[in-house]
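Colleague: Make a model of this:
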Amino acid sequence: MEIGTNIPPGCPTVQVEDDRTGLSIETLKRAFLDNLFYIQGKFPAIATQNDYYMALAYTVRDRLFRRWINTAEAYTEHRARTVCYLSAEFLMGPHLGNNLINLGIYDLVKQAIEELGLDLDELLEQEEEPGLGNGGLGRLAACYLDSLATLEIPSIGYGIRYEFGIFDQDIRDGWQVEITDKWLRYGNPWEIPRPEWSAEVKLGGHTETFLDEHGHHRVRWAPYNVVRGVPYDTPILGYKTNTANTLRLWKAEAPESFDFEAFNSGDYLGAVHEKMVSENLSKVLYPNDNISQGRQLRLAQQIFFVSCSLQDMIRILQSQGLSLERFHEKYAIQLNDTHPAISVAELMRLLMDEHGMAWDKAWSITTQTFGYTNHTLLPEALERWPISLFGSLLPRHLEIIYEINSRFLDDVRIRFPDEADRLSRMSLIDESGERYVRMANLACVGSHAINGVAALHTELLKKDVLHDFYEMYPQKFNNKTNGVTPRRFMVLSNPRLTDLITRKIGGNWIKHLADLQKLEAYVDDPEFRGEWRQIKHAIKQDLATYIHKQYGIEIDPNSLFDIQAKRIHEYKRQHLNALYMVTLYNRIKANPHLEITPRTFLFGGKAAPGYYLAKLIIKLINSIAEVVNRDPDMHGKLKILFLKDYNVKFAQRIYPAADLSEQISTAGKEASGTGNMKFAMNGALTIGTLDGANVEIREEVGEENFFLFGLTAAEVYAMRAKGYDPISYYNSNAELKLAIDRIASGFFSHGDAKLFQPLVDNLMYQDQYFLFADYQSYVECQDRVSQAYQDQDNWTRMAILNSARMGKFSSDRAIQDYCDDIWKVAPVKIELEEYVQANITLK
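Modeller: Numbering: from 1, shown residues only. Take a look at the predicted model:
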C-alpha cells in the first residue's frame, strides 16, 4: 500500500509490503520474527528449533490463507460442483516443504532463513509428520488432493483427525517395536478448528416407527450415545495456482465434556467418563481388530467420519441456497476403498429420516452421488461386519441395508432367474455361517461407478473378485490407474535431478509430466548421462552419510543400492528378497574369491502390530543382516540394513537414491502399487512381476528397461487350481534348499532353530504366495541385474528412459481421468485479489 497522500507530481511513492503476504526477503524475515515473538511468545535467546519451525510455518501459512479464503469465496459464489474424497486415511507427509514448493517461494525462504543465521533443512526436519495413514491408500489420497488443487478442481478431503497416527517404529534386537505417534504434542500450525460447524453422530440404541403429520410411516432412531464431531481444516495448495482446497478432518468429542453432578457427588472419574469414551473414536488410527472391542471401535470410526462429512455437505448445500434434491448435482463423492462404504446407508438415512424424503427419490440421489474405488484383490481385505455387532451399533443402518438388499435381490432374480448361488454371492448379507454385512457389495450396489486402480487389477476385479457385479452392472466398471505427485516425489525430494531436468527441457513438466519424454532427446548425449550419473552418486553419498550418522554403519555409494520399501506383508514378499540375500551369502561362503557386483540391500516398512509372520520377516531380515555385516568374507560385496520407521519423510530420502526398485509381489495380489512409480520417476530400474501397475510401467518404459521375472497372474491361478506343491521346488533346487536349511538350522539366529520355524513351515507346507515357485526366476533375474549394473553408462541410459517415460503415472493424469469419466466436474479459476489491509471491510 502507498504511504502518504497529496504527493507532489514527480515524487516517488514508497511500496511497503504487507507482512502477511509480502515475498521480499526483508518482509519474510520481518514476518518470521513477528511470528516468533507474537505467536510463539519467544525471543531468540530462549527459542528452540521447534519454535523457529513454528514461526516459519505460520509465516508460510499466512501466504497460503489469501489463496484459501479466495478459493472458498469463489466456490461459494459459483455454487461449484465439488468432489468429496472420503478416506479413512490421509498420509499427507510434512506440509512445510511441500507448501514452499507449491507457492514457488522455496529459494526465497531459504535465503531469508539463512540471512537470519538458521538452516532451512534443519527446520524442515523439525516438522512432526501426521501419520494418518497406513501406507499406499492414505498416500494416494494425499497425492490426489495435491492434484485436485493443482488442476483447480473444487474439492474437499474428508477423514479423521487421529490423535495418534500409525505407530513410530523402533527396531530392538531385530524385532519391530511400536511406539505411540504423538504427532500433535507440539501443536499443528497448519490446521484451523471450526467448532461452529460441528456435527452430531448417533450410536447404538433402537429404532421406533411413527406416523408423521402427513400420515406417512417414518422411523425415529433413539440412540444410546451421541458423539460430537469437530472439523479441523487444513489448506491444500495446488502447484503455482491460486487454488487452495480443504482437507477437513473430524475430531470426536462428547456433547457434554464434564458432569458436574457426578463430580459433586465424589465420582471424579464418572465426571469425565463420557468425554473419554467419545474421544476414543478419533484417538488412534486403526485399532487392533483382533478383539471385538477393536472391531466395534473401527466400525464406530467409520460411521463417525462418514456421518459428519455427509451432514457437512448438506450444511454447505443449504448455505448456498440449493435444495436437497440437487445433492447429486452439487457433489461427486468418491469412496476410497470399503472403509467409507457405510456412506450409502447413512446418506439414505439422512435424506429419509432427517429430511423426510421418499425412498425412491433418496435412492436415486444416493446412487448418482457415489463412486467406489476398490483397492484390493485380497478377499480378507473386503470388509464385512458381524450382524450382531453391526445391529447393536447401527440399528437404523441395518434396517436400511436389509431394505436395499431386498430390492436389489429382486433385480438380480429378474436379470438372472433361477440362480440361487448367484443370489447368495451377491447378497449384501453373507448367510454362510455367522451372518455378516458385506461392505464391498453395499458399495457396488450404491455407486454409479466402480473402478480398479491398475489395468490388471480392474480386469481381475471383473473376472474374479467382483465378477457377479460386473455381469450385473458392466457399465459401472472402469479403470483408473493410480498416479503420484511429482511435486513432492521429484521436485521436493530430488532437487538436484529436478534442476538438471528443468535446465534441459524447462519447468512445464512439473505440471505436465508427459513432458519428461523430451529427455529422450538427451539419452545418447554422453555429457548429459555423465551429469545424471554424478547426481545419482551424490544422492547416494548423502544417504550413506545419513545412515552412518544414524546407525553407525558404513555403506559404499559405489555399490548397487537395492531397495525394498513398503508395508511388510507376505504377498509383498520381502522374504523372497531375503532368500536371495541368503543365496548370495551362501555363494560367497562357498567361494570367498567370487567376483560379484557389490550390493547394499536396504529395507523399510512397518508390519501391522497383530501380524506375527510379517513381524517375523522383519526379524529375519535383521538377523541375516547381523551375520552378513559381521562376516569379513562379505566385506566390499554385501551389506544389509533395515531402516526403521518408514514414513513419507523417510521415503523422500530413499526414492532418489535407489538404483534398483524391488516390486516383487505375487502376480495378481497387488492392486497397483505407487512406490513403483516414485522409484522409477527418480531413475531407479525395477525388478518385478507382472503385477499391479508394474504391467503398465513396463509397457511405458520398454521391456528392455525393466527386469521381469516370475509367474503371471493367470499362471498363479492355474497352479493353485491344479494343486501347488512347494516341497517339490525345495527338493529339486539345491540353492533354494541350502538357503531354507540354513535359516531353519538357526545359523542366522544364534543357534535358535525354532525362531524362524513358523516362517519356514509356512513356506514348506503352504507358500500361498508362491515364493518357491518364483525363486529360481527371481535369482536368475537378479543375476541379470548384477551383470547390467557393471555397464554404468548403459545403466544410466536405462535410468534416464525410466524417468522420461513415466508421464502416465502422474496423479494429475489420474485425477483428470476421474474428472472426465466419473465425477463430471470442471475446474474453477481462482483470481487472487491483492490484499490491501486498508480495504478490508465487512460486507
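Colleague: what's the average pLDDT for stretch 517-525?
Modeller: The predicted model assigns stretch 517-525 a mean pLDDT of 97.
Colleague: can you list contacts of that stretch?
Modeller: 501, 504-505, 509, 528-529, 797, 800-801, 803-805, 807 (C-beta atoms under 8 Å, 6 or more residues apart in numbering). (Glycine included, C-beta is placed from N, CA and C.)
Colleague: quick one: low-confidence ranges for this protein?
Modeller: Low-confidence segments of the chain, defined by pLDDT under 70, span residues 1-16, 257-276, 287-293, 835-840, 842-843.
Colleague: what's the burial count for Arg298?
Modeller: The burial count assigned to Arg298 is 17, neighbours taken as other C-beta atoms under 10 Å.
Colleague: Make sure it is indeed in a strand.
Modeller: No. Judged by DSSP: H, G, I helix; E, B strand; the rest coil, Arg298 forms no part of a strand; its state is helix.
Colleague: Am I right that it is in contact with Tyr286?
Modeller: Yes. With contacts counted by C-beta atoms under 8 Å, Arg298 reaches Tyr286, the gap being 6.8 Å.
Colleague: so how far is stretch 758-775 from its chain's centroid?
Modeller: The offset between the C-alpha centroid of stretch 758-775 and the centroid of the whole chain comes to 29 Å, using C-alpha atoms, centre = their mean, to the nearest Å.
Colleague: Sorry, slip of the keys, the one I care about is stretch 474-491.
Modeller: Centre to centre, stretch against its chain (C-alpha atoms, centre = their mean), the figure for stretch 474-491 is 12 Å.
Colleague: May I see the buried residues of that stretch?
Modeller: The neighbour-count criterion (16 or more other C-beta atoms under 10 Å) identifies 476-477, 479-491 as the buried residues of stretch 474-491.
Colleague: Specify which member of those is nearest to Tyr655.
Modeller: Relative to Tyr655, the closest of the buried residues of stretch 474-491 is Phe489; by C-beta to C-beta it sits at 6.2 Å.
Colleague: ok, so what distance separates the closest one from Trp183?
Modeller: Taking C-beta to C-beta, to the nearest Å as the measure, Phe489 and Trp183 are separated by 21 Å.
Colleague: Compute the number of surrounding residues for Lys283.
Modeller: A total of 17 residues lie near Lys283 under the criterion other C-beta under 10 Å.
Colleague: ugh, wrong one, Glu833
Modeller: Applying other C-beta under 10 Å, we find 12 residues neighbouring Glu833.
Colleague: from what I can see it touches Glu73, true?
Modeller: No. In this structure, Glu833 sits apart from Glu73 without contact. The criterion is C-beta under 8 Å, and the distance is 9.1 Å.
Colleague: quick one, phi psi at the closest residue in space to Ala713 that isn't next to it in sequence?
Modeller: Closest residue in space to Ala713, ignoring its immediate chain neighbours: Gly668 at 3.4 Å, by C-beta to C-beta, 6 or more residues apart in numbering. For Gly668, the backbone dihedrals are phi 90, psi 10 (criterion: degrees, to the nearest 10).
Colleague: From Tyr402, how far off is Gly668?
Modeller: With C-beta to C-beta as the criterion, Gly668 and Tyr402 are 34 Å apart.
Colleague: Next: Pro526.
Modeller: On the measure of C-beta to C-beta, Pro526 and Tyr402 end up 70 Å apart.
Colleague: and these two? which has more neighbours close in?
Modeller: Neighbour tally, Pro526 and Tyr402, criterion other C-beta under 10 Å: the higher count belongs to Tyr402, 15 against 9.
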